[in-house]
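Q: Structure here, sequence nowhere to be found:
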């Protein structure tokens, strides 16, 4: 069992113990995922690169909690949709290897269709 599947099972056990599955429809899970990602962004909003570094050191645990919230919603949404997240990520990485060959993409931020 992958780490993602094991963690997803823990998330589902937590959810099901509270009878929250009834609230975890695809739309609301996707919405919650985006809202939690926005909470990650709040840690960096309006800060200079130096301030970001300082803030990150001082608030690493809080940022970690927000990232964990994002992961929890992501893992559960993928499970609810029947998506094997580990397999989907492997497939996406393979696709990006083709889209962004090292010889063309190294050191560039250009989108694949403009390389």
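A: Great, that's in hand. As the structure is a prediction and not an experimental result, all values here were calculated from the model.
Q: domains for this protein, by residue range?
A: Segmentation of the chain into domains, based on automatic domain parsing, reads 3-83, 85-115.
Q: just the helices in the chain please.
A: 3-17, 26-42, 49-58, 60-80, 85-99, 102-105 (DSSP state H).
Q: Identify whichever of those lies nearest to residue 113.
A: Among the helices of the chain, the nearest to residue 113 by Cβ to Cβ is helix 85-99 (8.3 Å). In short, each C-beta sits where N, CA and C put it, glycine included.
Q: which of the residues in the closest one are buried?
A: Neighbour counts over helix 85-99 (16 or more other Cβ atoms under 10 Å) mark residue 85 as buried.
Q: Could you verify my assumption that residue 81 touches residue 27?
A: No: with contacts counted by Cβ atoms under 8 Å, residue 81 stays clear of residue 27, the gap being 11.6 Å.
Q: ok, these two, which is more surrounded?
A: Using other Cβ atoms under 10 Å as the criterion, residue 81 and residue 27 rank with residue 81 on top: 11 against 7.
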